[in-house]
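Peer 1: A structural model of the following input is requested.
(chains A and B)
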Amino acid sequence: MKEFISNLLVQAANTLVEDTSSINIILERPKSAAHGDFSCNLAMMLAKPLRQNPRVIAEQLINAIPQNNQIAKIEVAGAGFINFYLAADAKHAVVKAILEAGDQYGQNQTGKGEKVQVEFVSANPTGPLHVGHGRGAAVGDCLSRLLAANGWDVTREFYYNDAGAQIDNLTISVLARAKGVSTNDISFPENGYRGEYIADIAKAFLAKETIVADDTEVTASGDLNDTESVRHFSVAYLRHEQDLDLRAFQIQFDVFSLESALYASGKVEDTVQSLIKSGHTYEEEGALWLRTTDFGDDKDRVMRKNEGGYTYFIPDVTYHLEKWNRGFIKVINEQGADHHSTITRVRAGLQALDIGIPKAWPDYVLHQMVTVMRGGEEVKLSKRAGSYVTLRDLIEEVGCDATRYFLAARKSDSQLIFDIDLARAQTNDNPVYYIQYAHARICSVLTQWEGEPSSLAAADLSALASSREAILMQKLSEFPDVVQQAASDLAPHMIANYLKECASELHSYYNDTKFLVDDTSTKLARMALITATRHILKNGLHLLGVSAPNNM
RNA sequence: GCGCCUGUAGCUCAGCUGGAUAGAGUACCAGUUUCCGAAACUGGGGGUCGCAGGUUCGAUUCCUGUCAGGCGCACCA
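Peer 2: I've put the predicted structure just below:
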């Protein structure tokens, strides 16, 4: 419909201007129903080049628009807006379209089946996942679902930094606990991990337990002189813990990549050699540097430390080079904003390789900090992890649906306050239940109707003539635009906001109008409309990874 | 000091590539169930869009400056 009107306007504009190719027709949905179903500011855009009053131009445009049966009325309003009022049939069309497409409605082929990788969570295997990782998980998973709905071939990936100094730190922390050193003791490693889970790992190691994580299996030697065994076992143990966290959050990954594998395969060394060959490196004070300042960084970065090891920067570049070589023209990295400084660095490293990787590749979505509140006070402690709130604590307390919704419903640029009391509330305060209730309500009515849902696509919809019904149909028709916009803006929160509005229109309609009436054609038309609404709510909730219960 | 993000109703937040009277939820006040689920709905009050300039027909939106908060500025990741 949008395209249809757009074409009409281009035709009309052709009668006033010689070259319309540079004109970008913008059609918007007016906030107020008094302004029609679609609105266009074309006349105002043309006012300057034509040197005429916008309202006069608008009149001329309207006169030049060909007659058709889709549009009931066209008006000039305000400073020169052209408002379109759709004919009843045109409004009803969306209901039929939804009923025919069902679960597929809202999807499009913008991505043309091309490969996109979304990397998210990527927590170090040094502890359980915390709320911040949860936000990354919710946003990353929702982004993946959105991109898939837009026709992309999506790969979800988790990168484990299992090779750096933080793993040495983990190893000595577990060793200390295994030897009975208390975290308060002076001899406990200064920067060691102090959460209670470290003691659990130590205990499991001494008990020679076997851990299965992803595709690997590790059995503890139980020998405290065997540092390598402690290291492997601890990493496997925590990867397993994180797997459980992810399972509780109903997040699945297609690929787990390990930093250690990049070293083992010699790819890290290859990258170093390529960078040296590119001529952007130099040695100073015993270290090997990359001149990242040539590519927009504010200072050069160390590649190889003077004691010989590589900084994390090099495997990071290697990993992204791998992504490029695996054929991902589009890559989105979802990370916490506290890592934003790596963006320039990784991109600079890839530029230095000089192999034609675009300057702005890969894309990044950064999420800001999460603060958890309970009873009006900030929650900072967890029994398991000590100094931070774990994702699993949160899921256990408020449930998976509410946790996912709250973590994805805010613009990721904004800091987020997670109110546990609100998320737990099974009342009208809680937007998750509000949306799910709308869905359950529809299901309840459909059950009582006892009719055949598949017959509705052919129903006569002419009875849908009230303003409530018009508003609801208008809201439903926006869904495909929202799905497309949310994906192109990489903004999952738009789905959450849309669903709240959609649920609100349904609830208003429900309270205003009785659906199961005696008149058959009216009843069928209303069944068709609420069934269409149900599809939209279900499809939208699915994009968020939130369930759409039939009853609650 | 430098960089990134954020300042919109008492609180939590939307505001779609600049557009019509700046919206929603919550909280507060007043109403709605002989009728499909009241986990709902209807109405009301509540705003200098941090502040100051600039760009133009028009700025919450774009630019500059400034104030405030968060995060980051390692031969850690």
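Peer 1: which other residues reach stretch A:261-277?
Peer 2: The contact list for stretch A:261-277, computed with Cβ atoms under 8 Å, 6 or more residues apart in numbering, reads A:163, A:281, A:288, A:290, A:303-304, A:310, A:314-315, A:317-319, A:321-322, A:349, A:352-353. C-beta coordinates here come from the backbone N, C-alpha and C atoms, glycine included.
Peer 1: so for it, mean pLDDT?
Peer 2: Summarised as a single mean, pLDDT over stretch A:261-277 is 95.
Peer 1: same question, stretch A:100-114
Peer 2: 95.
Peer 1: could you do stretch A:35-50 as well?
Peer 2: Rounded mean pLDDT across stretch A:35-50 is 80.
Peer 1: quick one: that stretch to chain centroid distance?
Peer 2: 34 Å (Cα atoms, centre = their mean, to the nearest Å).
Peer 1: repeat that for stretch A:493-501.
Peer 2: The answer for stretch A:493-501 is 13 Å, by Cα atoms, centre = their mean.
Peer 1: can that stretch be said to contact RNA strand B?
Peer 2: Yes: under the criterion of Cβ under 7 Å from any atom of the strand, stretch A:493-501 makes contact with RNA strand B via A:493, A:494, A:497, A:500.
Peer 1: related to what we said a few turns ago, restricted to strands, list the contacts of stretch A:261-277.
Peer 2: A:281, A:288, A:290, A:303, A:304 (DSSP state E).
Peer 1: keep only those that also lie close to RNA strand B.
Peer 2: Of these, not one also sits near RNA strand B (Cβ under 7 Å from any atom of the strand).
Peer 1: out of those, which is most surrounded?
Peer 2: Highest neighbour count within these: residue A:290, with 28 neighbours (other Cβ atoms under 10 Å).
Peer 1: ok, back up a step: okay if I get the ones in strands among the contacts of stretch A:261-277 as CSV plus pLDDT?
Peer 2: Converted to CSV, these look like this (pLDDT from 0 to 100):
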residue, pLDDT
A:281, 94
A:288, 95
A:290, 95
A:303, 94
A:304, 94
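Peer 1: return the member of these nearest to residue A:397.
Peer 2: Among these, residue A:303 lies closest to residue A:397 (Cβ to Cβ), at 44.5 Å.
Peer 1: for the closest one, what are its contacts?
Peer 2: A:272, A:275, A:281, A:287, A:288, A:289, A:290, A:310, A:311, A:313, A:314.
Peer 1: make sure the second one is indeed in a helix.
Peer 2: It stands for residue A:275. Yes: according to DSSP: H, G, I helix; E, B strand; the rest coil, residue A:275 belongs to a helix.
Peer 1: what sits up against the helix or strand of chain A with the lowest mean pLDDT?
Peer 2: Lowest by mean pLDDT, DSSP states H and E among the helices and strands of chain A is helix A:42-50, with a mean of 76. The contact list for helix A:42-50, computed with Cβ under 8 Å, 6+ apart, reads A:9, A:13, A:16-17, A:23, A:25-26, A:52-55, A:57-58, A:61, A:76, A:79-82.
Peer 1: residues of that helix that come out buried?
Peer 2: Using 16 or more other Cβ atoms under 10 Å as the test for burial, helix A:42-50 gives A:42, A:43, A:44, A:45, A:46, A:47.
Peer 1: for residue A:142, which non-adjacent residue is spatially closest?
Peer 2: residue A:492 (3.8 Å; Cβ to Cβ, 6 or more residues apart in numbering).
Peer 1: does the one you found touch residue A:147 like I think?
Peer 2: No: using Cβ atoms under 8 Å, residue A:492 is not in contact with residue A:147; the gap is 10.5 Å.
Peer 1: more neighbours, these two?
Peer 2: Legend: neighbour count by other Cβ under 10 Å for residue A:492 and residue A:147, higher for residue A:492 (28 against 23).
Peer 1: which residues of the stretch 301-450 of chain A fall in strands?
Peer 2: Ranges of strands within the stretch 301-450 of chain A are A:301-304, A:330-336, A:363-367, A:370-374, A:377-378, A:416-419, based on DSSP state E, counting those that start in this stretch.
Peer 1: the fourth one pairs with which strands, and in what direction?
Peer 2: Going back to what we said before, that points to strand A:370-374. strand A:377-378 (antiparallel), strand A:416-419 (parallel) (DSSP bridges).
Peer 1: the second one now?
Peer 2: Looking at strand A:330-336 with DSSP bridges, its partner strands are strand A:115-119 (parallel), strand A:363-367 (parallel).
Peer 1: distance between it and the chain's centre?
Peer 2: For strand A:330-336, the distance to the chain centre is 10 Å (Cα atoms, centre = their mean).
Peer 1: what's the answer for the third one, then?
Peer 2: In terms of Cα atoms, centre = their mean, the centre of strand A:363-367 is set 10 Å apart from its chain centre.
Peer 1: now do the buried residues in that strand.
Peer 2: For strand A:363-367, burial by neighbour count (16+ other Cβ under 10 Å) applies to A:364, A:365, A:366, A:367.
Peer 1: now the residues you listed as CSV including distance to residue A:524 and pLDDT?
Peer 2: Output for those, formatted as CSV (distance: Cβ to Cβ, whole Å; pLDDT from 0 to 100):
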residue, distance to residue A:524, pLDDT
A:364, 50, 95
A:365, 44, 95
A:366, 49, 95
A:367, 46, 95
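Peer 1: of those, which are in range of RNA strand B?
Peer 2: Within the buried residues of strand A:363-367, those near RNA strand B by Cβ under 7 Å from any atom of the strand are residue A:366.
Peer 1: separation between the residue nearest the centre of chain A and residue A:149?
Peer 2: In chain A, the centroid-proximal residue (Cα atoms, centre = their mean) is residue A:143; its distance is 2.9 Å. Plainly put, residue A:143 is 11 Å away from residue A:149 if you go by Cβ to Cβ, to the nearest Å.
Peer 1: what's the answer for residue A:235, then?
Peer 2: Counting by Cβ to Cβ - residue A:235 and residue A:149 are separated by 35 Å.
Peer 1: residue A:406 now?
Peer 2: Distance of residue A:406 to residue A:149, given as Cβ to Cβ: 22 Å.
Peer 1: RNA strand B contacts on the stretch 1-150 of chain A?
Peer 2: So the stretch 1-150 of chain A meets RNA strand B at A:24, A:26, A:28-32, A:34-36, A:39, A:41, A:44-45, A:47-48, A:77-79, A:81, A:83, A:124 (Cβ under 7 Å from any atom of the strand).
Peer 1: of the residues you listed, just the buried ones, PyMOL syntax please.
Peer 2: Command for PyMOL that selects the buried part of those, burial taken from 16+ other Cβ under 10 Å:
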select buried, chain A and resi 30+35+36+39+41+44+45+47+81+83+124
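Peer 1: let's see which of the residues of the stretch 1-150 of chain A next to RNA strand B end up in helices.
Peer 2: Of these, the ones assigned to helices by DSSP state H are A:44, A:45, A:47, A:48.
Peer 1: for those residues, which one is nearest residue A:421?
Peer 2: Out of these, the member with the shortest distance to residue A:421 (by Cβ to Cβ) is residue A:44, at 47.5 Å.
Peer 1: quick one, helices of the stretch 401-550 of chain A?
Peer 2: With DSSP state H, counting those that start in this stretch as the criterion, the stretch 401-550 of chain A has helices at A:420-424, A:431-449, A:467-477, A:479-488, A:493-512, A:520-544.
Peer 1: so which of these is the most packed in?
Peer 2: helix A:520-544 (a mean of 22; mean count of other Cβ atoms under 10 Å).
Peer 1: was I right to think residue A:33 contacts residue A:470?
Peer 2: Yes: Residue A:33 is in contact with residue A:470 according to Cβ under 8 Å; the separation is 7.4 Å.
Peer 1: quick revisit: buried only: go through the contacts of residue A:303 for me.
Peer 2: Buried among the contacts of residue A:303 by 16+ other Cβ under 10 Å: A:272, A:275, A:281, A:288, A:289, A:290, A:310, A:311, A:313, A:314.
Peer 1: now the fifth one. Nearest residue, chain neighbours left out?
Peer 2: Setting aside the residues directly before and after it, residue A:289 is nearest to residue A:300 in space (Cβ to Cβ, 6+ apart), at 4.9 Å.
Peer 1: contacts only, for the one you found.
Peer 2: A:289, A:290, A:291, A:292, A:293.
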